[in-house]
Structures are given as C-alpha cells and as structure tokens.
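# build me a model from this:
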Amino acid sequence: MRLVFFTLICLLSIASASVAGPVRIKDLVEFDGVRGNDLVGYGLVVGLNGTGDGLRNAPFTEEIMSNILERLGVNVAGEQFRPKNVAAVFVTAALPPFARGGSQIDVTVSAIGDANSLLGGTLIMTPLNAADGQIYAVAQGTIIAGGALAEGDGANLTQGVPTAGVIPSGARVEREIDFNLSSLEDLRLALRDADFTTAARIENAINNDFGRPVARMLDAGTVQLNVESTQMISVAHALGRIENIEVEPERKARVVVDQRSGTIVMGEDVRISRVAVSQGNLTLRIQEAPIVVQPNPFSDGETLVVPRTRAEIEEEPGIALAEVPDGASLSEVIAGLNALGVSPRDMIDILKSIKAAGALHAEFIVR
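Numbering: from 1, shown residues only. Coordinates of the predicted model:
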C-alpha cells in the first residue's frame, strides 16, 4: 500500500509541474441541437439454457410470449406452458445525432424478471420507442453477456453480471429525427463545465480564427455563434472549422476523494492556508473469557458460567504535529504528508479536517 501510494504521489507531482495544454473546442462544448435521444423497448430473450424467468413469478413473460406467438400465427389460447429458456427484458439504446434510416446502433439488454443469466440468449425483434412514443429503431440479435454463472445442488457461483448484456449493432434505425441544421441562423455552444474565463477564451479564439466578431459570450455556460457572419457555405462547414480550434480551459481547484477505494485526486491549483496537522490512531480491544464453575461431586448444586471480560486500549504512535505553510501548493503538501508516513485512508481524514477548518481552498468532492 505504501509503495502504491508513493507512486501515486510521484505521478501527481509530475502532473502538477506540467503545464496544461490547449484543448479542442469540440471537447469542451456541446452544440445546441446536436444531441442524441434515448430509446427503450420491452422484449423477449429466447434460447437460454434453463436460466430464464420462472413464469409463476414473472407472469408478464408468459404474456409477451403469447403475444409474439399469436402474431406469428400460433394459437396458444388456453394452453399451459412453462418453458425455462425465455426471459423478459428491457432494451435501451441511444439514437445518435444525424442517424439515418438503415444505420445500426448498439443496444443494452437487461433482465427484469428472476432470470439467472442471459448468456447464449437471442433477443426477438423488439421495437424501441423515444419519449414521444414513436418507434425509431428495431432491435434483434444474439446477446453478449459480461458475466458467468455456475451452480450445483449445494452452492452457486456468479461472476460479473450475467443478467445484462449488449448487442453490438443490434438495432436498425427505422425513423429519422426531423432536425434541419442548415436552417439555423444562430447556434449556441454549451460548455460542459460552465466557467466565465473558459467561455471568454472560446469567444476570443473563434473571433481571432475568423478575423471578425462571429461569436459572443452570453454567460458562463453559453457562447452564441452567428452563422451568417462566418461566411461559410453551410452551418456544417462552420462547425467543422470551429470544433478543431484549440483553447486552453480554466480549471477549478478541486479535490476528489473516493472513500471506497481510498483514491485521492487533486488539481494543481489547490492551495492550503497555514495550518497544523497531527494524526494518531486509538484501538479498543474487548475479549470475553467466561469461566465455568461446577459444584462438588454428589452435591446438590448447579453449574454456573461466570463472565470474565478483558478490555484494553492501545494508542498507536501517530504523526507529530506538523505545520503546513501558508499558500502551500499541491506538490508541497503531498511531499510533506508522504514524508510523515500518512496512508491514503488517513490522508482522506486529514483533508476533511483541513477543509472543515477553512484552510483548504478548493472544491472538496467526496464520492
């Protein structure tokens, strides 16, 4: 753990010493109107090896199976069937912008009943609807599940999630979204991370590239583009030129902590005011050692259990009281705490305490 932590510290120190390079505008913004749409459908997976839904616990599976068979001309009215190789699933997908009829998209399949696994299953033709209730794609194909299931009479072993999988290029687009990009006179660029400085730099970079004012910052998250002022052949040509312009974004001072894995990520702009740090561990151990007391032979008595408890408190030697100077940078703080032998878990607690004391000047995010 100490070696891994030291390696992480070295990588963070190197990253803090390097200068952030420029980033393309396409990696910083979303173009207004150029977006995908979520699709969802309800379908049936067949061909499972006895790992499907128990139809008594999932009656909706029997219902959809009956509907599919009737559409195929098979009359199952009044019939009792209990196959174990079918499962009801939700099918989800994202329709990308400018998707045309006949193009194919990936889909995700997830079991909604008590099926144990979708391995080896095949999704039957499933229509995918958008929020407006219209069908935009139809999905079908063999499922690739990312897990494994092994079971016996006395135990079972599951690795990954075998009740969910994907079908690459498993849906075909049947309906196109009506969006006329060429008719737009003004287009807004929405920043993924709103920041006034970054928005102003994007405005200046676009205007400098075209040599005239074609972009205007509206707020911290929006830059408006006048398409006519670009004097390009079409809106698509203007966006193709703009999205590759490079801008150096402004980054917020931020500390991100993942308590589950003990991961700490800090930006180079993090600053800490003058503060003193001390850390130690207190361990409490309680051990039960009851004693059995028996009466004398042939005497009229009872066997008793006498409780006996042993309690100990140990205080492990922690780090000494260390002072962090005013305006310390990321590399200085990391080097100092590392020199004191602080583990990642302990550093999380120290950073929380420094933030609570008002000495950590950065956004503190705990996941």
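
# for residue 248, see how far away the residue lying closest to residue 244 once chain neighbours are set aside is.
The shortest distance from residue 244 to any residue that is not its chain neighbour, by CB to CB, 6 or more residues apart in numbering, is 5.7 Å, and that residue is residue 24. Yep, even glycine has a C-beta here, placed from its N, CA and C like the rest. Per CB to CB, to the nearest Å, residue 24 is found 11 Å from residue 248.

# now residue 169
Distance, residue 169 to residue 248, by CB to CB: 38 Å.

# got it, and residue 229?
Remark: distance between residue 229 and residue 248 (CB to CB) = 24 Å.

# likewise residue 121?
Look at residue 121 and residue 248: by CB to CB, they are 49 Å apart.

# neighbour count: the two, which is higher?
Applying other CB atoms under 10 Å to residue 121 and residue 248 shows that residue 121 carries more neighbours, namely 26 against 14.

# give me the pLDDT for the residue nearest to residue 344 when sequence neighbours are not counted.
Leaving out its chain neighbours, the residue that sits closest to residue 344 by CB to CB, 6+ apart is residue 262, at 4.2 Å. Model confidence at residue 262, given as pLDDT, is 71.

# how about residue 147?
Model confidence at residue 147 (pLDDT) stands at 63.

# swap in residue 152?
The predicted local distance difference test score for residue 152 is 58.

# residue contacts, the residue lying closest to residue 26 once chain neighbours are set aside?
Spatial nearest neighbour of residue 26, excluding adjacent residues (CB to CB, 6+ apart): residue 243 at 3.6 Å. Residues touching residue 243, when contacts are defined by CB atoms under 8 Å, 6 or more residues apart in numbering, comprise 24-26, 31.

# ranking by neighbours, what's the top pick from those residues?
Neighbour counts for the contacts of residue 243, by other CB under 10 Å, peak at residue 25, which reaches 24 neighbours.

# so how far is residue 161 from that one?
Counting by CB to CB, the separation of residue 25 from residue 161 is 37 Å.

# likewise residue 361?
Taken as CB to CB, the spacing of residue 361 relative to residue 161 amounts to 41 Å.

# which intervals of this structure have sub-threshold pLDDT?
Low-confidence segments of the chain, defined by pLDDT under 70, span residues 1-20, 55-58, 76-82, 147-160, 277-289, 298-299, 301, 309-331, 333-342.

# need the helices for it, in chain order.
Shown for the chain, the helices assigned by DSSP state H span residues 2-17, 59-71, 196-210, 227-230, 235-242, 330-339, 344-356.

# strands of the stretch 101-250 of the chain, residue ranges please.
According to DSSP state E, counting those that start in this stretch, the stretch 101-250 of the chain carries its strands in the segments 104-111, 122-129, 135-142, 144-145, 148-151, 156-159, 164-173, 186-191, 215-219, 222-226, 246-247.

# what's the closest of those to residue 254?
Judged by CB to CB, the one of the strands of the stretch 101-250 of the chain that comes nearest to residue 254 is strand 186-191, at 16.2 Å.

# give me the contact list for that closest one.
When contacts are taken as CB under 8 Å, 6+ apart, the neighbours of strand 186-191 outside the stretch itself are 25, 28-33, 198-199, 202, 215, 218, 220-227, 235, 238-239, 242.

# next: stretch 355-367.
The set of residues external to stretch 355-367 that reach it, using CB under 8 Å, 6+ apart, is 252-260, 266-267, 269-275, 324, 351-352, 354.

# 6 Å instead, please
Contacts to stretch 355-367, defined as CB atoms under 6 Å, 6 or more residues apart in numbering, come from residues 252-258, 270-273, 275, 354.

# can you give me the neighbour number for the residue nearest to residue 344?
Other residues within reach of residue 262, judged by other CB under 10 Å, total 17.

# begin at 235, not 1, for the rest of this chat.
Got it, the first residue is 235 from now on, which makes the last one we talked about residue 496.

# farthest-separated two in the contacts of stretch 589-601?
Spanning the widest gap among the contacts of stretch 589-601 are 492 and 507, at 25.1 Å by CB to CB.

# between the strands of the stretch 335-484 of the chain, which gets nearest to residue 441?
Sorting these by CB to CB, the top spot, which is the nearest, belongs to strand 449-453 at 5.7 Å.
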